[in-house]
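Novice: With the input below, show me the fold.
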Amino acid sequence: MHIRSFWGTCPAPLLGLDISSSSVKLVEIESRGRQKLLKHCARAPLGSGWVVDGRIENPHEVAAVIRGLIDTTGTKTRQVALALPSSAVITRQVFIPRGLTALEIEQQVEMEARQAMGLPLEELYLDFCEEGAVGERIDKVAVQIVGTRRERISDLQTLCDRSGLEPVVVEIQNASLSRAMVRVMRLAPPSPVDAIFLQLKWSGSEVSTQAFQYFEPIYWHSQSCAQPLQDKHRGALLKDIENGLQQFLQNATSGRVHGMYLAGGVALTQGICEWATQATHIPCDVLDPFQGLAVHQQLDRHTVQKEAAHYVSACGLALRTPT
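Specialist: Take a look at the predicted model:
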């Protein structure tokens, strides 16, 4: 489920800005007809405690880092897409009558949200989208409601103001990861039509697992890492991968896992894909979100390819730019 935007529609061009607890990643992708060009790509570390679970605890220092990235890349783009961690977003599915006008839909959603969200609506930013018919019931439509506390958006707005940026899109981080993953899947060699692919992404003390089938996300789960990232070794990484795979298989109803992609800096651990393939008997690879993109002449292609796994979320955000 994507949060379409807490600010409005998404213009182009657009910076993808991924702010994690340890670093900031910036990506800009320019569309040139059917071709996409990776125009800017850079990252910089953050101090301990500056960002905690997506909350900006030290906006002054984080803004200084972002301004440094803007200066380093030389980008002239100031409109930006950002993401919130899933833990910062409330999602609820409700069912409303079919055939309502746009105003009636908004009124119905607001009424349902007051009962479903668990918090006063005055404390939340809300968005929603229709998901279609409910089984064989032609009189009902499923609607996904998403919300986040107003201070989360206010914090991002303040950070952008200090960084000289204009925030235009905020979405759940799962959505940006999914967008990057689906794009790579479409570039891959043909696979069985019902094949399932997993994406595992390490972030902070958690590792998230997403499953995709028919180029659509069908499953998401997050769990604590076997060990803190700074203490990672072969056994702990394999345990994370096996736990994510096992958790999915316990919930899967059909299909076969055809492959796994690893994302985030941990995915660059030497030998991890070979270890995972041997342990699970499922082909495993590092997710390269820049696959198939032209690379600007001012960027070092080798460095971009070597560090690509760091930029999966930032790339997914930058891909919000209309084609």
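Novice: Neighbours of Phe281, how many?
Specialist: Careful, residue 281 is His and not Phe. Using other Cβ atoms under 10 Å, His281 is surrounded by 8 other residues. For the C-beta atoms, the positions are set from N, CA and C on the backbone; glycine is no exception.
Novice: ok, now how distant is it from Gln199?
Specialist: Noted for His281: a distance of 18 Å to Gln199, by Cβ to Cβ, to the nearest Å.
Novice: Equivalent analysis for Leu299, please.
Specialist: Counting by Cβ to Cβ, the gap from Leu299 to Gln199 is 25 Å.
Novice: Comparing the two, which shows the higher neighbour count?
Specialist: Gln199 (27 against 17).
Novice: So in terms of bridging, what pairs with the more buried one?
Specialist: Gln210, Tyr261 (DSSP bridges).
Novice: got a pLDDT number for it?
Specialist: With respect to pLDDT, Gln199 scores 97.
Novice: show me what contacts it?
Specialist: By Cβ atoms under 8 Å, 6 or more residues apart in numbering, the residues touching Gln199 are 177, 181, 209-212, 260-263, 287.
Novice: could you flag which of the residues you listed are buried?
Specialist: 177, 181, 209-212, 260-263, 287 (16 or more other Cβ atoms under 10 Å).
Novice: closest to Ala42 among the residues you listed?
Specialist: Top of the list for closeness to Ala42, among the buried ones among the contacts of Gln199 and by Cβ to Cβ, is Ala263 at 18.2 Å.
Novice: pretty sure the closest one is in contact with Asp288, am I right?
Specialist: No. The criterion here is Cβ atoms under 8 Å, and Ala263 misses it with Asp288 at 9.5 Å.
Novice: Could you name every residue contacting both of these two?
Specialist: With Cβ under 8 Å, 6+ apart, Ala263 and Asp288 have common neighbours Ala309.
Novice: Among the contacts of Gln199, which one lies nearest to Leu15?
Specialist: Looking across those and measuring by Cβ to Cβ, the closest to Leu15 is Leu177, at 17.4 Å.
Novice: Okay, buried residues for the helix or strand hosting the closest one please.
Specialist: Assigned by DSSP states H and E, Leu177 belongs to helix 173-187. Buried residues in helix 173-187, counted by 16+ other Cβ under 10 Å: 173-185.
Novice: so where's the protein uncertain?
Specialist: Along the chain, segments meeting pLDDT under 70 span 1-12, 132-137, 228-232, 321-323.
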